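Attaching a predicted model along with its sequence, questions to come.
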Amino acid sequence: MKRNWDLIRKILLIIEDLPRGYAPPELSFEGYSPAQVGYHAWLLIDAGLADGDKLHIHGAEAPEGIIFNLTWAGHDFAEAMRNDTTWNKAMGTVKEKAGSITFDILKQLLSSIIKGALGLPPT
């Protein structure tokens, strides 16, 4: 199953917007199967962006994660991708120039776009 940055963004932002900080027991998003959502939750836990349990269920379509809450890094990444204009600019750049992107490069790209919007020099 391929990593889907739009689904990752949806998961992070929905959890961050909840008032108590805890993720709902079951996440679901229109247009995505439970297996896709569970796998992307697993990826977020694996990347250190969320705390939770990573499950490997025999016979399941994919590994599944159950997210409890976001980590500090998860909140930082959610903030970097929250603004629709910043997100669309980053994803447009990726599609135009590279086609795909790694997590570390996406963080750098979002940071660069935000720094430019704030008039800060790139580092």
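That came through, no problem.

so what's the spatially most central residue of the chain up against?
Taking Cα atoms, centre = their mean as the criterion, residue 8 is the residue nearest the geometric centre of the chain, at 3.1 Å. With contacts defined as Cβ atoms under 8 Å, 6 or more residues apart in numbering, the neighbours of residue 8 are 40, 43-44. No exception for glycine: its C-beta is placed from N, CA and C like everyone else's.

Inside helices: which ones of the residues you listed?
Here DSSP state H is the test, and the contacts of residue 8 give 40, 43-44 as lying in helices.

Quick one: these as JSON lines, columns for neighbour count, pLDDT and distance to residue 63 too.
Shown next, in JSON lines, are the ones in helices among the contacts of residue 8 (neighbours: other Cβ atoms under 10 Å; pLDDT from 0 to 100; distance: Cβ to Cβ, whole Å):
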{"residue": "40", "neighbour count": "27", "pLDDT": "97", "distance to residue 63": "10"}
{"residue": "43", "neighbour count": "21", "pLDDT": "97", "distance to residue 63": "9"}
{"residue": "44", "neighbour count": "24", "pLDDT": "98", "distance to residue 63": "12"}
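
Without its sequence neighbours, what residue ends up closest to residue 101?
residue 94 (4.7 Å; Cβ to Cβ, 6 or more residues apart in numbering).

where does that neighbour land on pLDDT?
Looking at residue 94, its pLDDT stands at 94.

helices or strands up against the strand or helix carrying it?
In this assignment (DSSP states H and E), residue 94 forms part of helix 84-97. If you count contacts as 3 or more Cβ pairs under 8 Å, 6 or more residues apart in numbering; DSSP states H and E, helix 84-97 packs onto helix 5-16, helix 72-82, helix 103-118.

and the gap between residue 55 and residue 66?
Using Cβ to Cβ, to the nearest Å, we find residue 55 at a distance of 7 Å from residue 66.

Just want to know which of those two has more residues nearby.
Remark: of residue 55 and residue 66, residue 66 carries more neighbours, 17 against 14, as counted by other Cβ atoms under 10 Å.

if I read this right, residue 47 contacts residue 103, doesn't it?
Yes: at 6.3 Å, residue 47 counts as touching residue 103 under the criterion of Cβ atoms under 8 Å.
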